[in-house]
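Peer 1: I need the structure of the sequence given here:
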Amino acid sequence: MTKIDLERAVEIARRAAEAPSAMIAAAARAQSFSVEIKEDGSHLTETDAQAERMVRAVLHDAGYPEGAAILGEEEGEEEGTAPWRWVVDPIDGTHPFSRDIPVYSTLIALENRETSEILVGVAHLPGLGETFWASRGGGAFRDGQPIRVSERTDLYETMLSTGSPYQYRQSGLEHLHRRLFDATKDLRAFGDVYAHMAAARGALDGVFDPDLSLWDFAPTKVIVEEAGGVVLVRETGRGRGHDVLLGNPAIVEQLAELLEF
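Peer 2: Residues are numbered from 1 along each chain as shown. This is a model prediction of the structure:
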């Protein structure tokens, strides 16, 4: 297989993720759009589709890696001729976006389709003006500064984040929410990749996010791992297909046992 320049891929992914940033932030402030509920219960606005078109335009213009496919949440898959695939979520956290809560993000990852390995990941948060990125073997960064997961080991003393009660109900995992609630004195529900990036930079110690699609966590996989953390993905065969557990290694080990991961 032909090797690719991961530094070049990161630069392209960053440009693509930041391309719709001003438009998304302005739309969030203006609140002049309608919100639809998709079949899977997630939210959709016209801004999602517009943002994805802007991301795809940058990826098409770059043309790298040559022959790469593009999979986007709103416009589906554009087949490629190479083993590489860009994975795009134009607005992760559409619900907070629709209420002008600035924890939404634009996510881009580069995947090796033959191995399912995520090679590059970028998460740009337009409302906060922050960009996180990583490449396999190249470290993880927040606005150019290296990031690391936390070193806390006492589960009860941690700050954790998890999905909404709706996610648990949809997944039939209400019993696990109770276990998580009892395991720590500080359980939050920040949600979406905002929480994942908080774990990558050591602000949170662990995150359990049930019922995600690939584009919801693809950048997280490489960013958290390059920050010294662990990301476990369970294919579920229900809903959006994946439960994701991530954080520092010591806490993920304890949570995996607690949550039957």
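Peer 1: what comes up buried for stretch 119-138?
Peer 2: 119-127, 130-136 (16 or more other C-beta atoms under 10 Å). Quick note: C-beta positions are derived from backbone N, CA and C, even for glycine.
Peer 1: Show me those that map onto strands.
Peer 2: Judged by DSSP state E, these include 119-125, 130-135 as members of strands.
Peer 1: ok, those residues vs Phe190, which is closest?
Peer 2: For these, the minimum distance to Phe190 (C-beta to C-beta) is 12.2 Å, reached by Leu125.
Peer 1: While we're on that closest one, how confident is the model there?
Peer 2: Here, the pLDDT recorded for Leu125 equals 99.
Peer 1: That one is in contact with His196, isn't it?
Peer 2: No: using C-beta atoms under 8 Å, Leu125 is not in contact with His196; the gap is 11.3 Å.
Peer 1: confidence score at the nearest residue to Ser164 once chain neighbours are set aside?
Peer 2: Distances taken as C-beta to C-beta, 6 or more residues apart in numbering put Ala189 closest to Ser164, at 6.0 Å, once the chain neighbours are dropped. In this prediction, Ala189 carries a pLDDT score of 93.
Peer 1: can you tell me how far Ala189 sits from Ser161?
Peer 2: Applying C-beta to C-beta, to the nearest Å, the value for Ala189 to Ser161 is 6 Å.
Peer 1: the more surrounded of those two?
Peer 2: More crowded of Ala189 and Ser161, by other C-beta atoms under 10 Å: Ser161, with 26 against 13.
Peer 1: Please name the bridge partners of the more buried one.
Peer 2: Judged by DSSP bridges, the bridge partners of Ser161 are Arg188, Val207.
Peer 1: Not counting its own residues, what contacts the one helix or strand Met23 maps to?
Peer 2: Taking DSSP states H and E as the criterion, Met23 maps to helix 21-30. By C-beta atoms under 8 Å, 6 or more residues apart in numbering, the surrounding residues in contact with helix 21-30 are 33, 45, 47, 50-51, 54, 91, 97-98, 100, 102, 104, 106, 124, 126-127.
Peer 1: which of those residues count as buried?
Peer 2: 33, 45, 47, 50-51, 54, 91, 97-98, 102, 104, 106, 124, 126-127.
Peer 1: Of those residues, which is the nearest to Arg85?
Peer 2: Thr106 (17.3 Å).
Peer 1: chain center to stretch 191-202, what's the gap?
Peer 2: 9 Å (C-alpha atoms, centre = their mean, to the nearest Å).
Peer 1: in it, what's buried?
Peer 2: Gly191, Asp192, Val193, Tyr194, Ala195, His196, Met197, Ala198, Ala199, Ala200, Arg201, Gly202.
Peer 1: contacts for it?
Peer 2: 92-93, 96, 103-105, 107, 123, 125, 130, 132, 140, 142, 147-151, 161, 163-164, 188, 190, 204-207, 209, 216-217, 219-220, 223-224, 227, 229, 246-248.
Peer 1: Surely Glu77 touches Ala68?
Peer 2: No: at 11.5 Å, Glu77 and Ala68 do not qualify as touching, with contact defined as C-beta under 8 Å.
Peer 1: Quick check: phi and psi at Asp143.
Peer 2: Backbone geometry at Asp143, expressed as degrees, to the nearest 10, gives phi 50, psi 40.
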